[in-house]
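**Student:** With the sequence up front, the predicted model follows.
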Amino acid sequence: MVTRNEAFPSKYLKASDLPARGKVFKIAKLQIERVGLDQEEKYALFFKGEDKALILNVTNWDAIAEFCGADSDTWAGKDIVLYPDKTTFGGKTVDCIRVRRTKPPQARQPEPEEPPPDEDGDPGFQAEDAA
């Protein structure tokens, strides 16, 4: 059985290409692409190790700029998460792709400090314990 995506492959990502929880992508480059029947020029974001690009809309551009910086020349090499969502377009609810930042790495909890050793070098012995 052939799926619709297999029968009509696209060089651009669709919401159905993404897992519900999203997927991390490393930005490779941003370039202008001619898309659609009218060959309108739009910005496309390409990713390292991926065949498909993401055509950017204003919403996703602004989200990326918020956490990757306003200068799109600095985006290459940065990680973002793409995830499927819904939006309203032409009065209908349709699938779309949204962008969010990757989760920052968990800060390591500091190791608990051991009490300093007493005069005899015993780390757990206190003079009060002897009484």
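**Tutor:** Happy to help now that I have it.
**Student:** Got the confidence number for residue 2?
**Tutor:** Listed pLDDT for residue 2 reads 86.
**Student:** For residue 96, see how far away residue 3 is.
**Tutor:** 20 Å (Cβ to Cβ, to the nearest Å). The C-beta positions use only the backbone N, C-alpha and C, and glycine is treated the same way.
**Student:** more neighbours, the two?
**Tutor:** Taking neighbours as other Cβ atoms under 10 Å, residue 3 and residue 96 compare with residue 96 leading, 17 against 8.
**Student:** list the contacts for that one?
**Tutor:** The contact partners of residue 96, by Cβ atoms under 8 Å, 6 or more residues apart in numbering, come to 15, 84, 85, 86, 87, 89.
**Student:** List the ones among those residues that fall in strands.
**Tutor:** 84, 85, 86, 87, 89 (DSSP state E).
**Student:** filter these to the buried ones?
**Tutor:** Burial by neighbour count, 16 or more other Cβ atoms under 10 Å: within the ones in strands among the contacts of residue 96 this picks out residue 84.
**Student:** Taking the contacts of residue 96 together, which two end up most distant?
**Tutor:** Farthest pair in these (Cβ to Cβ) is 84 and 89. Separation: 14.7 Å.
**Student:** name the element the residue lying closest to residue 29 once chain neighbours are set aside belongs to?
**Tutor:** In space, and not counting its chain neighbours, residue 29 is closest to residue 46: 5.0 Å by Cβ to Cβ, 6 or more residues apart in numbering. Element membership of residue 46 [criterion: DSSP states H and E] is strand 40-47.
**Student:** contacts for that strand?
**Tutor:** 12, 25-35, 53-56, 61, 64, 75.
**Student:** go with 6 Å
**Tutor:** 25, 28, 29, 30, 32, 33, 34, 35, 53, 54, 55, 56 (Cβ atoms under 6 Å, 6 or more residues apart in numbering).
**Student:** cool, stretch 63-81 as well?
**Tutor:** Counting by Cβ under 6 Å, 6+ apart, 22, 24, 25, 26, 27, 29, 30, 99, 100, 101, 102 sit against stretch 63-81.
**Student:** which of these count as buried?
**Tutor:** Buried among the contacts of stretch 63-81 (16+ other Cβ under 10 Å): 22, 25, 27, 30, 99.
**Student:** Kind regards, and thank you for your time.
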